[in-house]
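Peer 1: Pasted the sequence and its predicted model underneath.
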Amino acid sequence: MDKNDIEQIERGKRIKKIREEELHMNKTQLAKLVGVSSQFLGLVENGRGNLVYKSIRKLRDLSGHSADYILYGLDDTIINKTKKLLNKYSDEEIIKVFEMFENIALFIKK
């Protein structure tokens, strides 16, 4: 089994976990929402098929997970935590902090 096969199996497991544990849907329900048949979704979840971009985008929108998480398993919890934290601050405050980080980075490079 090569790396692509392993990634495809792991991707299917993630999609199944999202469907069952987070969205609490059966295959037919999720398949309809992402635009595939329930049979094909079953193949995807078993690591024998891949969703197309349009279906991944729909799954991303439904689940709140990033496409990077769905496709590659990259942790996306930091993105949601960061969004929640940044909502507490104004745009001006956020810009000032990023400018400060840029200045620190420039200082460290010297």
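Peer 2: Looks like it came in fine.

Peer 1: what does stretch 49-68 contact?
Peer 2: Contacting residues not belonging to stretch 49-68 are listed as 8, 11-12, 15, 18, 22-23, 30, 33-36, 40, 43-44, 70-71, 74, 76, 79-80 [C-beta atoms under 8 Å, 6 or more residues apart in numbering]. For the C-beta atoms, the positions are set from N, CA and C on the backbone; glycine is no exception.

Peer 1: hmm, 7 Å instead?
Peer 2: By C-beta atoms under 7 Å, 6 or more residues apart in numbering, the surrounding residues in contact with stretch 49-68 are 8, 18, 22-23, 33-36, 40, 43-44, 70-71, 74, 76, 79.

Peer 1: quick one: which of those residues is most hemmed in?
Peer 2: When neighbours are counted by other C-beta atoms under 10 Å, Val34 leads the contacts of stretch 49-68 with 23 neighbours.

Peer 1: Tell me the spacing between the spatially most central residue of the chain and Arg14.
Peer 2: Nearest residue to the geometric centre of the chain (C-alpha atoms, centre = their mean): Ser66, 2.2 Å. According to C-beta to C-beta, to the nearest Å, Ser66 stands 12 Å off from Arg14.

Peer 1: Check Leu30 too.
Peer 2: Distance of Leu30 to Arg14, given as C-beta to C-beta: 13 Å.

Peer 1: Where do the domain boundaries of the chain fall?
Peer 2: Residue ranges for each domain of the chain read 1-74, 76-110, as given by automatic domain parsing.

Peer 1: gap between the shortest one and the chain center?
Peer 2: Just to be clear, that refers to domain 76-110. Domain 76-110 has its C-alpha centroid displaced from the chain centroid by 22 Å (C-alpha atoms, centre = their mean, to the nearest Å).

Peer 1: Distance across it, terminal residue to terminal residue?
Peer 2: 33 Å (C-alpha to C-alpha, to the nearest Å).

Peer 1: Perfect, I'm done here.
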